[in-house]
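Novice: Okay, here's the prediction I keep looking at, along with the sequence it came from:
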Amino acid sequence: MTEQEVKKQIQELSEKINFYNYEYYQKNNSVISDYDFDQLLNQLIELEEKFPHLRLEDSPTQRVGGAITKEFPTVYHKYPMLSLGNTYNEQELLDFDARVKKAIAEEDVEYICELKFDGVAISLTYENGILKQAVTRGDGVRGDDITPNARTIRSMPLRIEGDNIPESFEVRGEVFLPKKEFDRINAQIVEENEQREKAGRKPMTLLANPRNAASGTLKMQDSSIVSKRKLDCYLYALLGENLGANTHEEALRQLTAWTFNVSPTYKKCNSIQEVLDFIKDWETKRNSLPLETDGIVIKVNNYAQQQQLGFTSKSPRWAIAYKYKAESAKTELESVSYQVGRTGAITPVANLKPVQLAGTVVKRASLHNANEIERLNLHLNDWVYVEKGGEIIPKITGVDMSLRKEGAKKIDFIHECPACGTPLVRAEGEAVHFCENSAHCPPQIKGKIEHFIQRQAMNIESLGPETIEQLLDTGLVKDAADLYLLTEESLLTLERFGKRSAEKLLQGVEASKSQAFSKVLFAIGIRFVGATVAEKLANYFHSMDALSQATVESLVEVPDIGERIAQSVVNYFEIEENRQFVGKLREVGLNFELSEEETTLNSEALKGKTFVVSGVFSVSRDEMKQLVKQHGGKIVSSVSSKLDYLLAGDKMGPSKLEKAKKFNTIVLGEEDFYQMLEQGAEDGVNAE
Ligand SMILES: NC(=O)c1ccc[n+]([C@@H]2O[C@H](COP(=O)([O-])OP(=O)(O)OC[C@H]3O[C@@H](n4cnc5c(N)ncnc54)[C@H](O)[C@@H]3O)[C@@H](O)[C@H]2O)c1
Ligand SMILES: [Zn+2]
């Protein structure tokens, strides 16, 4: 390449990147994928490194991509808000590790790994413990003062309390829109648009993704609207003078103690290998988090070492972001089909012309719900972009509009259940459509039986999916309870079903009768009652009878059980068909109560007393709670005037203590508690 050619290429790349930056930061619009964007930026960096004298003065490699707007007061950052260097591969992480070690001249270095939350960076200033100012990153030097909007974020403390709070300090974090909230808002927009369509008004645009939505929402002029969109925020940095922390880890702990919302997902790693393990570990697990994440941020833990490493003009040298690469391909949408889950939830699925993607052939992609189809504005035979992120099922991220055929038919979400014809319903504010014919809709029944027999439930391994289908088709089984009425004789009437299989199946069914009550409770498939929740409910209510009569008020008393689960349990037992089903299970002899050893009290030392258990103990918190219960005590979730004891471990949050003080609740340490048990047990003996 001649110098002239290089110059031209640098010019072109810079222009492109500036354009994408403008679209991305000012207009909340991703014209190309992050990966493609980062490739362009890397090309430019490489050219500039080879030909430093050709670098443009205002090159996008030298500055943070955002900008300030005119709508808000402009504020200068006390410490610049920079970007992060990023990479998509392991080798570059190893290089990073080597660079760090060389610069600090140490063999070992500690890293803190955090999830890279996909939202908008924010800087908060606190003075005398009170939130004074919230500012966006802007161009890194100056940002928008959006304090009134930030105040609407419920998890953001407006005032903090606790020990050693400095007069003034800064906290940084990421404002995000939880995935659930994103779905809820889009569902609302769809509803609103139905009205608008009738009235002949222009429809509103759906939110494209949670990150754009968070960014757009934070920059709204009317903070009462912001308040209705439930933004949330994770904090991940503490800045200021004389803060007492010597490491990033200490700072995170301090933030937590001051009641800031710190995601508990971070981890200290003692080697780059541990960092790589962390990255692997979260590749799919991150999809179950309530918010979107696009990678891992790796930070040198020690502040002195951070200082030694310093900054480039655009990012710190002591941190790097590893971004998960979403592989993508383009293919044709052949049709959309609809699956019915065991709860009746309808999931639209795109059937695609088979295409090679990340080492596998992809034929189907999830479309999540009606909003998603609407948002993509999908038409039959569209050419669509398919991505495989961490999810197992790929998803459609966009449509190549230039290839849309004329007269293509728009995809309309179905109105009736594809399996049983029941009109579908969508609860207000929910994204998902349901078929409510739960007792007779075939795929729901099949799904319920599959749920019922799984390992964590009744554990009937001798029953495979084909046999379930046979049993349903022949009418031998109409619900999971009928499994217990099967006989060898009836089974032998099934096609290709021998004596051996029949015996095995019957043995499996019989053995399942000894599954504990909590497993039975999980097996019956109450919405939102997973295996862990079932265990908690079983331990608290001790029997199906007690649980089936529980009210929402009594259910929310159970630790970790919220309104949503409580309501779902009550709803379940209100439905006559469910009560009949549970009745059938009782008749065939499943465990409807905790076993004797599960309920036997070790003593009545704590009889009638209520406890809140909080903090870290020498045994796990669940074991502590178990101890309380085994001695007749009762666990409740929050400190109130009625509470008897607050059992306080290490690192308990200050708000519980404050409340305990206010209500004059007795606060017990772990040792006090053990003494109380002994004392109580002795008293019991003496009383006899
Ligand atoms: N698709 C496009 O058109 C387009 C255009 C411009 C930029 N981009 C994307 O944006 C990225 C550049 O944006 P950027 O400069 O904001 O950098 P970045 O988003 O890659 O990294 C910096 C930001 O990460 C965030 N972050 C999340 N979790 C964090 C944590 N635990 N600790 C610290 N920070 C955390 C902070 O907001 C911080 O400002 C590029 O990688 C590119 O993929 C895409
Ligand atoms: Zn149905």
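Specialist: Yep, it's here. Residues are numbered from 1 along each chain as shown. Ligands and ions are numbered 1, 2, ... in the order given.
Novice: partners of the longest strand seen in the chain, with directions?
Specialist: Identified as the longest strand of the chain according to DSSP state E is strand 327-340. Here strand 327-340 has these sheet partners by DSSP bridges: strand 346-357 (antiparallel), strand 383-388 (antiparallel).
Novice: any idea how far the nearest residue to T125 once chain neighbours are set aside lies from A237?
Specialist: In space, and not counting its chain neighbours, T125 is closest to Q133: 4.4 Å by C-beta to C-beta, 6 or more residues apart in numbering. Just so you know, the C-beta spots here come from the backbone N, C-alpha and C atoms, and that holds for glycine as well. From Q133 across to A237, the span is 16 Å (C-beta to C-beta, to the nearest Å).
Novice: and if you look at V477?
Specialist: Counting by C-beta to C-beta - V477 and A237 are separated by 58 Å.
Novice: Please say which of the two ends up with more neighbours.
Specialist: V477 (22 against 18; other C-beta atoms under 10 Å).
Novice: The more buried one should be in a helix, yeah?
Specialist: No - secondary structure of V477 (DSSP: H, G, I helix; E, B strand; the rest coil): coil, not part of a helix.
Novice: Can you verify my assumption that it contacts F452?
Specialist: No - V477 lies out of contact with F452 (C-beta atoms under 8 Å); the separation is 10.9 Å.
Novice: which residues are in contact with both of those two?
Specialist: Common contacts of V477 and F452 (C-beta atoms under 8 Å, 6 or more residues apart in numbering): L483.
Novice: so the nearest residue to S514 once chain neighbours are set aside is in which element?
Specialist: Among residues not flanking S514 along the chain, N591 sits closest, at 7.4 Å (C-beta to C-beta, 6+ apart). For N591, there is no host helix or strand (DSSP states H and E).
Novice: V135 now?
Specialist: strand 130-136.
Novice: What average pLDDT does that strand get?
Specialist: Strand 130-136 shows a mean pLDDT of 97.
Novice: Kindly report the same for stretch 366-373.
Specialist: Mean predicted lDDT for stretch 366-373 stands at 90.
Novice: Tell me the buried residues in whichever strand or helix holds K16?
Specialist: Using DSSP H and E, K16 sits within helix 3-21. Buried residues in helix 3-21, counting neighbours by 16 or more other C-beta atoms under 10 Å, are found at 9-10, 13-14, 16-17, 20-21.
Novice: can I get the CA coordinates of the helix or strand just after it in CSV?
Specialist: Using DSSP H and E, the helix or strand that follows helix 3-21 towards the C-terminus is helix 34-50. What follows is helix 34-50, C-alpha atoms only, in CSV (Å, rounded to 0.1, in the frame of the first residue of the first chain):
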residue,chain,number,x,y,z
ASP,A,34,-20.9,-5.0,17.9
TYR,A,35,-18.5,-7.6,16.6
ASP,A,36,-18.3,-6.0,13.2
PHE,A,37,-17.9,-2.6,14.7
ASP,A,38,-15.0,-3.7,16.9
GLN,A,39,-13.4,-5.3,13.8
LEU,A,40,-13.4,-1.9,12.0
LEU,A,41,-12.0,-0.2,15.1
ASN,A,42,-9.3,-2.7,15.3
GLN,A,43,-8.4,-2.3,11.7
LEU,A,44,-8.0,1.4,12.3
ILE,A,45,-5.9,0.9,15.4
GLU,A,46,-3.6,-1.4,13.5
LEU,A,47,-3.1,1.1,10.7
GLU,A,48,-2.5,3.9,13.1
GLU,A,49,0.1,1.9,14.9
LYS,A,50,2.0,1.2,11.7
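Novice: quick one on the thing from earlier: the residue nearest to T125 against P148, yeah?
Specialist: No - the pair Q133 / P148 is not scored as a contact, 10.7 Å apart, by C-beta under 8 Å.
Novice: List the residues that contact F260.
Specialist: 157, 160, 171, 173, 235.
Novice: Name the helix or strand for the residue in the stretch 551-688 of the chain that ligand 2 sits nearest to, please.
Specialist: As assessed by C-beta to the ion, ligand 2 sits closest to E577 within the stretch 551-688 of the chain, at 14.2 Å. Per DSSP H and E: E577 is located in helix 576-587.
Novice: Now do the buried residues in that helix.
Specialist: Across helix 576-587, burial judged by 16+ other C-beta under 10 Å covers 578, 581-582, 584-585.
Novice: does R375 count as helix, strand or coil?
Specialist: State at R375, reduced to three classes by three-state DSSP: helix.
Novice: In space, what's closest to it - neighbours in sequence excluded?
Specialist: L206 (4.3 Å).
Novice: Next, the one you found: phi, psi?
Specialist: When read as degrees, to the nearest 10, the backbone of L206 gives phi -80, psi 150.
Novice: for it, what are its contacts?
Specialist: By C-beta under 8 Å, 6+ apart, the contact set of L206 is 186, 189-190, 371, 374-375.
Novice: OK, contacts around A251?
Specialist: With contact set as C-beta under 8 Å, 6+ apart, A251 has these partners: 237-238, 243, 245.
Novice: what helix or strand is it on?
Specialist: A251 belongs to helix 248-257, assigned by DSSP H and E.
Novice: On the strand side of things, show who I396 bridges to.
Specialist: Residues in a beta bridge with I396, per DSSP bridges, are V386.
Novice: confidence score at it?
Specialist: pLDDT for I396: 91.
Novice: pretty sure it is in contact with K388, am I right?
Specialist: No - if you go by C-beta under 8 Å, I396 and K388 don't touch, sitting 11.2 Å apart.
Novice: so how many other residues sit close to whichever residue of the stretch 401-550 of the chain sits closest to ligand 1?
Specialist: Among the residues of the stretch 401-550 of the chain, M401 lies closest to ligand 1, at 17.3 Å counting by C-beta to the nearest ligand atom. Residues lying near M401 (other C-beta under 10 Å) number 10.
Novice: Okay, buried residues for stretch 590-602 please.
Specialist: Buried residues in stretch 590-602 (16+ other C-beta under 10 Å): 590-594.
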